[in-house]
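[1] Got a sequence here, can you build the structure:
(4 chains, ligands or ions: 4)
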Amino acid sequence: MAEITYLEAIREALVEEMERDANVLCLGEDVGVFGGAFKVTEGLQARFGENRVIDTPISEIAIVGAAAGAAHMGLRPVAEMQFADFISCAYDMLTNYVATSRYRTGLACPMVVRGPSGGYVRGGPFHSQNPEAAFVHTPGLKIVCPATAEDAKGLLKSAIRDDDCVLFFEHKYLYRRIKGVMPAGDHLTPIGRARVAREGKDLSIITYGATVWKAIEAADQLAQTGVSVEVIDLRTLAPLDDDAIVATVKKTNRVVIVHEDTRTGGIAGEIAARINELCWEWLDAPVLRVTAHDVPLPSAATLEDFVLPQTADIVAAAQRVGTY
Amino acid sequence: MAEITYLEAIREALVEEMERDANVLCLGEDVGVFGGAFKVTEGLQARFGENRVIDTPISEIAIVGAAAGAAHMGLRPVAEMQFADFISCAYDMLTNYVATSRYRTGLACPMVVRGPSGGYVRGGPFHSQNPEAAFVHTPGLKIVCPATAEDAKGLLKSAIRDDDCVLFFEHKYLYRRIKGVMPAGDHLTPIGRARVAREGKDLSIITYGATVWKAIEAADQLAQTGVSVEVIDLRTLAPLDDDAIVATVKKTNRVVIVHEDTRTGGIAGEIAARINELCWEWLDAPVLRVTAHDVPLPSAATLEDFVLPQTADIVAAAQRVGTY
Amino acid sequence: MKGGARGAKRSAAAPAVAGRLSHSDKLSLYYWMRLTRTLEERLVNLHRQNKLVGGLFRSLGQEADAVGSAFAVEEHDVLSSLTRNLGSLLVKGATPVEVIRQHMATADSPTRGRDLGLHFADMGRGYIGHISPLGDMVAVMAGVTLSFKVRGEPRVGLVYLGDGATSTGAFHEGINFAAVQRCPLVVIAENNGYAYSTPTAKQSAAKRFVDKAAGYGVAGDHADGNDVLAVYEVTKRAVDRARSGGGVTLIELVTYRRRGHAEHDNQSYVPGGEVERWAAENDPIDRYVRVLIDREKVEQSDLDAIDVRATAEVDAATEQALRSPPPAGPDALADVYANPSRLAPHWYRR
Amino acid sequence: MKGGARGAKRSAAAPAVAGRLSHSDKLSLYYWMRLTRTLEERLVNLHRQNKLVGGLFRSLGQEADAVGSAFAVEEHDVLSSLTRNLGSLLVKGATPVEVIRQHMATADSPTRGRDLGLHFADMGRGYIGHISPLGDMVAVMAGVTLSFKVRGEPRVGLVYLGDGATSTGAFHEGINFAAVQRCPLVVIAENNGYAYSTPTAKQSAAKRFVDKAAGYGVAGDHADGNDVLAVYEVTKRAVDRARSGGGVTLIELVTYRRRGHAEHDNQSYVPGGEVERWAAENDPIDRYVRVLIDREKVEQSDLDAIDVRATAEVDAATEQALRSPPPAGPDALADVYANPSRLAPHWYRR
Ligand SMILES: Cc1ncc(C[n+]2csc(CCOP(=O)(O)OP(=O)(O)O)c2C)c(N)n1
Ligand SMILES: Cc1ncc(C[n+]2csc(CCOP(=O)(O)OP(=O)(O)O)c2C)c(N)n1
Ligand SMILES: [Mg+2]
Ligand SMILES: [Mg+2]
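    Ligands and ions are numbered 1, 2, ... in the order given. So this is what the prediction gives:
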């Protein structure tokens, strides 16, 4: 089977799910005629019609709210944020309405909100954000951040079938840089389960999204110095896969958590706290974090490179934890 | 000097700052003629006029955005959210505009966004929220959560004079339940510095807001069993007072972090991670968290009591950490 | 008193035809308004006895607005109610005992004690209560009605918002979305003069809220919100337009909030005499009684019988609700997600 | 070529009087439009040479809209520009070298490499560039102009938004807030036919965006956005109204976006011939040249001289900008807060 890109894998998931279930529809800014700012939904409107691939006004509150209303009625809307950054405009709708609807009134919101997130592309402060932390903090939402093409497809298909709202943060740096061969058949990746991206025994790097690839690079470099690094790709941030986290800690006893998001209040803190609660005695060194600096992400290459976590940073942190 | 309530202390801070600096103004829904849903701004419009105490439409985006614009021009706006829960409507404006303005363009946003937060009052899912976590995660914002009447006044006065945006989360449970005698003169509490609410040597409880009082209750109970508990009232959540955190960990070697906010992605994770990074060797036990359950806060007394952290929970956690 | 029964409305074929109401429909309207008021008065009593959780919001003087508009939609239509739409929910099939339980946050309340007041929903009966953040339901109802359009179902949606809520971004985005998509949605702006303490002049510089319709390219209409027949007719026109593919209508109903924002609010900000004038001259039930007696030749005794029936129903509901237990604490952990449907409790709170 | 100099505009007393433009003002308008276009063309070259950071957004064909409106405000007024308001910023005193540096994200760019494109501000010169989330600047400018009102300063604000941005909640809340407060604010909706790929018919069901004015209770006005004199006049009227206490005006300028949303966009969604027609028949500079020559008796050679001057200025700016260094990485840690003004670097990135 031929390799396809991470972006094509997402499109394949949309097509397959729209073929499978007539209730699935896409909506968002420029997703129809144009096929989306990144062309993720290219060709879908021609194939499925204007009723199932809907160009909307520039209205994130309405896009998310309408998706919720349609979901109540049994449709399975997939709403696109043109950039994940703009999900901030729908923060109230997501946290107050969508996340609480089932709990309060029994009305479910089976819907997906997806869009390109992340940096390393000189996109600047409004086209590079990693909005996951605020939503990981919101009970009632599920959060998915695929790192591979296979998972991008398998997780999106699972997200569309999930009976709750799933925020699906694609990584725009990976869209065309990462490829994979799709497993045959109805390929579903379970939500809520992490993946061992690389086996190792001396130290664990826990991460997700674009930094999975930096962690693997770091692991390669460390392997040359005789350190065997395990890389855990979380894939789902809510619910977190505690079992996978505990398993790797118990195996290697040393952990570095890496994320592209800013440090303070980022999800690394949550993971560090869980490790404390669940397997503190198994630690031979403190849990360290490698993250972006606590600044809005600047545009200039020199600045972005300084702010975002780089492979060398991961190596340095791993060496410190490894030799603790 | 007579005792005044936490709520009166806030009003006193507003009056003093408005007297001191003609640039200070208040705006928000029903803050003028009515004096605010909780009567915090009662009497201010009569005293300072309609130009300085402004009743606004129901428009949190506009209230926060207009405060930012006015702040650019040298005014010192104090914007009220009728309930802190509704700050979610202004999430985009706060995180994308207000928090980044100085960094990107050099335009400062010296402003305060204040309002009643928190539960224990049967307010249900939309009138009990603790919105701090998402904003602690936002570089560029400062976050203050006073637990005492003295700090409510001193921190609000400092917030109004701060050259950046300060989110000032009052606790509605404390409004009329907590009283204090205000220090004489121009009473300013520094932003960014925690307070030792109670000295102790066996174990530290790190918390803020309404749970400070539950922690003190727990400390009282534990004292009777011979355990000496130190209670740290963080007061400011951004920037966090690392020095105070490290000092108490080095002193007692055992920590329970308590917050009313839901657990996953709450600020306790951040604190746990920092303790790991800054003073892991000083720990004699894992850092434990006592928090709300990860659900929207329900209204019924039985449910709310179950979901929110109670004194007995803190005692139980302290005993576990203490005997670890 | 058949005319007052919910079944009577459902079985009546007449309302579907050009907004014509049968005699029995007209008695139904009276019944629903009376039931609304009686039930709210009971809630006030329970509130004073500290038996309710949270604030109590009255629709006193606005019953015609709620009842007349809800009467214009069909069983399979969906409406989204607001703070002062108890009447709409009753017409749509919510029962007094559910309403009381909801206000008491009992285990068997529609939200099992999780949310308060009119924040409850039942898609089977076709209603979704609002959430607190104002305006959000307009966007949600845009989606509900988008589903009708996408599936070609002949159903319509009705969403209420207050004069104050027209200032929210959610309202704006929601109605614009529905307008562009030509969703079968009726948006009712209830102009009751105040948003909490804020008079409409501080909410909007527009002379009339219906002037917003042109800016969205939707039909605009308005009516005296205290005239239940006028409310019915203006809503019915809009519902028919929506059902026949004519898209969104924005309706302004002019009414008046005779109580404070909630029962704790003493209305100190209201000019003297204003409330009293509305009560004396413009009570929607009093006005409708005169219409029924003068034009419909209804006997006062028939109305008295309806009143007695409403009271009896509320009495029975109260008794039932007072026997309802509070929810068990650990039930708080269920239903955040479909799967897992229950969270694990923290170790210190099992 | 004095008329083209920025100083010339500032010294001219004429514009303040009833929207009358002096001969030299009229040449200034030409100069600013020409400078805008020449500078943008240079940016296109630099973009093709991979010397810019981020996408490049053109205002080709919209120069009259930006320049004519900005010419109607005074030095102490504040405007907030949008994606296609390069001309407005130039009129307000931003310099070509700043604009190029900003697009190159150099250390000495207005935002020191932190933000892109026209996202920069200088309150001294009276401009605030927008942020990406559309509509937000309307609310911010409501606050800027609220400060004018509160302090009794005779200043006005001007904020631009696109047809697409009218759909945002932030626009709605911002203009409504300003309307109720009677802030001295002019809101210009630039209807250029598209929001990215989305035509206006999918953005709003309203026939004209100016129809939204009544819904906010503000003055509404509109003009041919490709007629720089008409743009100036309509804006001047609104600015005068704002300055004299008349509150908000919503202006719709009808124009056309001749390039894609950004340079990467091939406009596949645009009906064939549409762009060409606007270019041939309705280029704002071509149209204005005819006005200047026919009505103002300007010689073509005078215009040529202005063109040469604009090119020379852009050449000089380019040369200067190309010598600018990139920012040093650790500068990223400064100015998140006033105090502390610099964050500590993580231990592994000192
Ligand atoms: C977004 C938001 N901001 C603030 C509030 C607080 N609040 C609740 S009701 C209300 C007034 C509503 O007035 P209106 O919309 O006119 O409805 P009415 O109460 O008059 O029926 C306010 C300000 C809220 N619920 N939502
Ligand atoms: C809130 C928000 N959603 C989405 C976007 C992505 N976006 C950037 S520009 C644009 C189109 C803007 O169209 P319009 O307002 O008409 O301005 P124009 O580009 O035509 O000048 C979109 C959708 C954004 N910037 N902000
Ligand atoms: Mg009202
Ligand atoms: Mg446009």
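[2] Which residue does the stretch 51-200 of chain C have closest to ligand 1?
    Closest to ligand 1 within the stretch 51-200 of chain C is C:Gly162: 2.2 Å, counting by CB to the nearest ligand atom. C-betas here are computed from N, CA, C, even on glycine.
[3] should've said the stretch 151-300 of chain A
    A:Cys165 (20.6 Å).
[4] do the stretch 51-200 of chain A as well
    Residue nearest to ligand 1 within the stretch 51-200 of chain A (CB to the nearest ligand atom): A:Asp92, separated by 7.4 Å.
[5] Can you tell me the element that residue falls in?
    Using DSSP states H and E, A:Asp92 sits in helix A:91-92.
[6] Next: A:Cys109.
    Assigned by DSSP H and E, A:Cys109 falls within no helix or strand.
[7] So what does it have for phi and psi?
    Main-chain torsions, A:Cys109, degrees, to the nearest 10: phi -130, psi 70.
[8] neighbours around it, how many?
    27 (other CB atoms under 10 Å in any protein chain shown).
[9] Let me see the contact set for it.
    Taking CB atoms under 8 Å, 6 or more residues apart in numbering or on different chains, we find A:Cys109 in contact with A:67-68, A:71-72, A:98, A:101-102, A:164-165.
[10] Dump those into TSV; add neighbour count as well.
    Below are these laid out as TSV (neighbours: other CB atoms under 10 Å in any protein chain shown):
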residue	neighbour count
A:Ala67	34
A:Ala68	29
A:Ala71	28
A:His72	24
A:Val98	27
A:Ser101	24
A:Arg102	22
A:Asp164	22
A:Cys165	31
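[11] biggest separation within those residues, which pair?
    A:Ala67 and A:Arg102 (14.7 Å; CB to CB).
[12] In contact with the residue positioned nearest the centre of chain A, which residues are there?
    Centroid-nearest residue in chain A: A:Cys145, 1.3 Å away (criterion: CA atoms, centre = their mean). Residues in contact with A:Cys145 (CB under 8 Å, 6+ apart) are A:117, A:132, A:169, A:171, A:208-209, A:234-237.
[13] if you set the cut-off to 6 Å instead, what comes out?
    The neighbourhood of A:Cys145, defined by CB atoms under 6 Å, 6 or more residues apart in numbering or on different chains, consists of A:169, A:208-209.
[14] circling back to that earlier point, may I have the predicted confidence score for the residue of the stretch 51-200 of chain A closest to ligand 1?
    pLDDT, A:Asp92: 98.
[15] ok, now how distant is it from A:Ala134?
    Per CB to CB, to the nearest Å, A:Asp92 is found 12 Å from A:Ala134.
[16] okay, the two: which has more neighbours?
    Using other CB under 10 Å as the criterion, A:Asp92 and A:Ala134 rank with A:Asp92 on top: 31 against 25.
[17] just checking, the more buried one touches B:Cys89?
    Yes: taking contacts as CB atoms under 6 Å, A:Asp92 lies within contact range of B:Cys89: 4.5 Å.
[18] Burial check on the spatially closest residue to A:Pro146 that is not a sequence neighbour, number of neighbours?
    Closest residue to A:Pro146 apart from its sequence neighbours, by CB to CB, 6 or more residues apart in numbering or on different chains: A:Ala152 at 4.2 Å. Counted with other CB under 10 Å, the neighbours of A:Ala152 add up to 32.
[19] Which helix or strand contains the closest residue to chain D within the stretch 251-350 of chain C?
    Closest to chain D within the stretch 251-350 of chain C is C:Glu252: 11.4 Å, counting by CB to the nearest CB. In the assignment (DSSP H and E), C:Glu252 maps to strand C:249-254.
[20] in the helix or strand that that strand is followed by, what's buried?
    Next in sequence after strand C:249-254, counting helices and strands by DSSP H and E, comes helix C:274-281. Going by neighbour count (16 or more other CB atoms under 10 Å in any protein chain shown), the buried part of helix C:274-281 is C:275, C:278.
[21] residues touching residue 93, list them.
    I went with chain A, as the question did not name one. A:61, A:64-65, C:136.
[22] oops, chain C please
    C:Arg125.
[23] if I look at it, how far off is C:Glu74?
    Per CB to CB, C:Gly93 is found 12 Å from C:Glu74.
[24] any idea which helix or strand comes after the lengthiest strand in chain A?
    Identified as the longest strand of chain A according to DSSP state E is strand A:255-262. Next helix or strand after strand A:255-262 toward the C-terminus (DSSP H and E): helix A:267-279.
[25] what's next to the helix or strand just after that next one, contact-wise?
    For helix A:267-279, the succeeding helix or strand toward the C-terminus, using DSSP H and E, is strand A:288-292. Counting by CB under 6 Å, 6+ apart, strand A:288-292 makes contact with A:256-260, A:262-263, A:266, A:268, A:307-309, A:313-314, A:317, A:321, all of which sit outside it.
[26] for the residue of the stretch 201-324 of chain A found nearest ligand 2, what are its contacts?
    Using CB to the nearest ligand atom, A:Ser299 is the residue of the stretch 201-324 of chain A that sits closest to ligand 2, at 15.3 Å. Applying CB under 6 Å, 6+ apart, we find A:Ser299 in contact with A:122, A:124, D:53, D:105, D:116.
[27] confidence score at it?
    pLDDT recorded at A:Ser299 is 97.
[28] Ramachandran angles for it?
    Main-chain dihedrals, A:Ser299, degrees, to the nearest 10: phi -90, psi -40.
[29] Now it. Nearest residue, chain neighbours left out?
    A:Gly124 (3.6 Å).
[30] Spell out the residue ranges of the strands in chain C.
    With DSSP E as the definition, chain C shows strands at residue ranges C:78-81, C:121-122, C:127-129, C:157-162, C:185-191, C:194-195, C:198-199, C:219-224, C:249-254.
[31] Redo those strands as JSON lines? Include mean neighbour count and mean pLDDT.
    Converted to JSON lines, the strands of chain C look like this (neighbours: other CB atoms under 10 Å in any protein chain shown; pLDDT from 0 to 100):
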{"stretch": "strand C:78-81", "mean neighbour count": "27", "mean pLDDT": "98"}
{"stretch": "strand C:121-122", "mean neighbour count": "22", "mean pLDDT": "98"}
{"stretch": "strand C:127-129", "mean neighbour count": "26", "mean pLDDT": "98"}
{"stretch": "strand C:157-162", "mean neighbour count": "29", "mean pLDDT": "98"}
{"stretch": "strand C:185-191", "mean neighbour count": "30", "mean pLDDT": "98"}
{"stretch": "strand C:194-195", "mean neighbour count": "24", "mean pLDDT": "98"}
{"stretch": "strand C:198-199", "mean neighbour count": "20", "mean pLDDT": "98"}
{"stretch": "strand C:219-224", "mean neighbour count": "20", "mean pLDDT": "98"}
{"stretch": "strand C:249-254", "mean neighbour count": "26", "mean pLDDT": "98"}
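[32] residue in the stretch 101-250 of chain C nearest to chain D?
    Going by CB to the nearest CB, chain D is nearest to C:Gly169 of the stretch 101-250 of chain C, at 1.8 Å.
[33] In contact with that residue: list those residues for me.
    B:61, D:169, D:172-173.
[34] Same check on A:Ala147?
    A:209, A:212, A:233.
[35] can I assume A:Phe86 is in contact with A:Glu60?
    Yes: in this structure A:Phe86 lies within contact range of A:Glu60 using CB under 6 Å: 5.3 Å.
[36] interface residues of chain C facing ligand 4?
    Taking CB under 5 Å from the ion as the test, the list of chain C residues beside ligand 4 is empty.
[37] Quick check: which ranges of chain C have low pLDDT?
    C:1-19 (pLDDT under 70).
[38] at 50 what do you get?
    Counting by pLDDT under 50, chain C contains low-confidence ranges at C:1-18.
[39] And for the stretch 101-250 of chain A?
    If you take pLDDT under 50 as the line, the stretch 101-250 of chain A has no such spans.
[40] Do a quick rundown of the strands in it.
    Counting by DSSP state E, counting those that start in this stretch, the stretch 101-250 of chain A has these strands, from start to end: A:112-117, A:142-144, A:166-171, A:179-181, A:195-198, A:203-207, A:229-233, A:236-238.
[41] Alright, that wraps it up for me.
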